[in-house]
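Student: my questions are about this predicted structure, shown below with the sequence.
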Amino acid sequence: MRYCDLKHSLMRMKNSKLLLSPLLFLVLSGCDGSFFSSDVRKVTIAMDTPDLLEKPWFSVTYRSHKCQRTRRDGDFKKHYEDDSSVTTYEPEREKNTNIYSVTVPVEKGWYCDWNLSNVEFKLKYKKGSKILEGIDDTIFERITFVFDEHYPRATNGRTEPLPGRSRMINEEFYPYKRINHLIGSLVELSFTGRVYFYTYRLDNDIERILFRPIIHTDEMVILTDPLTLKHGEKVKLVYPDGYVEYGNPFPSFERLQKIRRERQQARN
């Protein structure tokens, strides 16, 4: 008899003295995935965290093909979809490093046969960082690791799984400052990089994933909104080398990379 089949059988024994057994409480405690044994296959999710970023909190989603939930569309027609379970973990700092990590089971099993679906976390500037001087608000960047076919709604498209038991993912980012004259001269700081949505499809056999964001703090790009919407005024984008572009609010990652490489060569 399977673990959670046993659980449901025991729960039907409402009048049995067995319900008072401490062993039964232990048996009943695990079907929601609240604990897992040491022999369950696991994966470690980690981020090498620069000093100017907050430590990440990992939101871990499991899905079940066996347990379904219902939803209704605009015509109130009923649809069935895989049920999901989400838990947020505070990571631990690995000894003598800036790496924060959490280890979670790939397969929880139990009655619903829960399987790891995706892990999400955020790049977010740390309060008090020097880069936030003169900044009113910050916007985080979302990172998603996908382990099945359930991709997030916002994505750059589905990709083939990244192979290997251990992966280090390096991504380069530039500070993106926006001056919003149209809403009270609000100054925001976010990130700009290679793509708009960072989603990675990973192989099911993976054991460790390390995300390593490289923030080029001395290469800030600035977007300034027009003072008014009249007279055909356009947004102004200023690159770190002083190059100005009008009408396009999306910085070119290739141009930013070129500027950085040229500056590095000049310093060398």
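Tutor: Sure thing, it's come through. Owing to the predicted nature of the structure, the values given are computational and were not obtained by experimental measurement. Numbering: from 1, shown residues only.

Student: where along this protein do the helices fall?
Tutor: Assigned by DSSP state H, the chain shows helices spanning 3-11, 22-28, 253-267.

Student: got any ranges where the stretch 51-200 of the chain has weak pLDDT?
Tutor: Counting by pLDDT under 70, the ranges of the stretch 51-200 of the chain that qualify are 71-82, 153-160.

Student: now do the strands in it.
Tutor: 58-72, 78-89, 92-93, 99-105, 107-109, 114-123, 137-138, 141-146, 166-180, 186-193, 198-201 (DSSP state E, counting those that start in this stretch).

Student: what residues of the first one count as buried?
Tutor: Of the residues in strand 58-72, those buried under the neighbour-count criterion (16 or more other CB atoms under 10 Å) are 58, 59, 60, 61, 62, 63, 64. Where you see a C-beta, it was placed from the backbone N, CA and C, and this is true even at glycine.

Student: go on, the fifth one?
Tutor: Buried residues in strand 107-109, defined by neighbour count with 16+ other CB under 10 Å: 108, 109.

Student: name the strands paired with that strand and say parallel or antiparallel.
Tutor: Strand pairing for strand 107-109, determined by DSSP bridges: strand 114-123 (antiparallel).

Student: how far off strand 166-180 does the strand it pairs with point, in degrees?
Tutor: Relative orientation of strand 114-123 versus strand 166-180 (axes from the mean of the first three to the mean of the last three CA atoms, to 10 degrees): 40 degrees.

Student: list the buried residues in strand 114-123.
Tutor: In strand 114-123, counting by 16+ other CB under 10 Å, buried: 114, 115, 116, 117, 118, 119, 120, 121, 123.

Student: same question for stretch 244-255.
Tutor: 245, 251, 252, 255.

Student: I'd say the first one and residue 235 touch.
Tutor: No: contact between residue 245 and residue 235 fails when scored by CB atoms under 8 Å: they sit 9.1 Å apart.

Student: how about residue 190: what's its closest non-neighbour residue?
Tutor: Counting by CB to CB, 6 or more residues apart in numbering, residue 190 lies nearest to residue 139, which is 3.7 Å off, once chain neighbours are set aside.

Student: OK, contacts around that neighbour?
Tutor: Listed by CB atoms under 8 Å, 6 or more residues apart in numbering, the contact partners of residue 139 are 188, 189, 190, 191.

Student: next one: it from residue 90, what distance?
Tutor: 22 Å (CB to CB, to the nearest Å).

Student: with residue 231 instead?
Tutor: Residue 231 is 51 Å from residue 90, by CB to CB.

Student: residue 233 too?
Tutor: For residue 233, the distance to residue 90 - CB to CB - is 46 Å.

Student: now swap in residue 167 and tell me
Tutor: 23 Å.

Student: more neighbours: which of these two?
Tutor: residue 167 (17 against 10; other CB atoms under 10 Å).

Student: partner residues bridging that one?
Tutor: With DSSP bridges as the rule, residue 167 is bridged to residue 209.

Student: how about the one 4 residues further on?
Tutor: Beta bridges link residue 171 to residue 213 when assigned by DSSP bridges.
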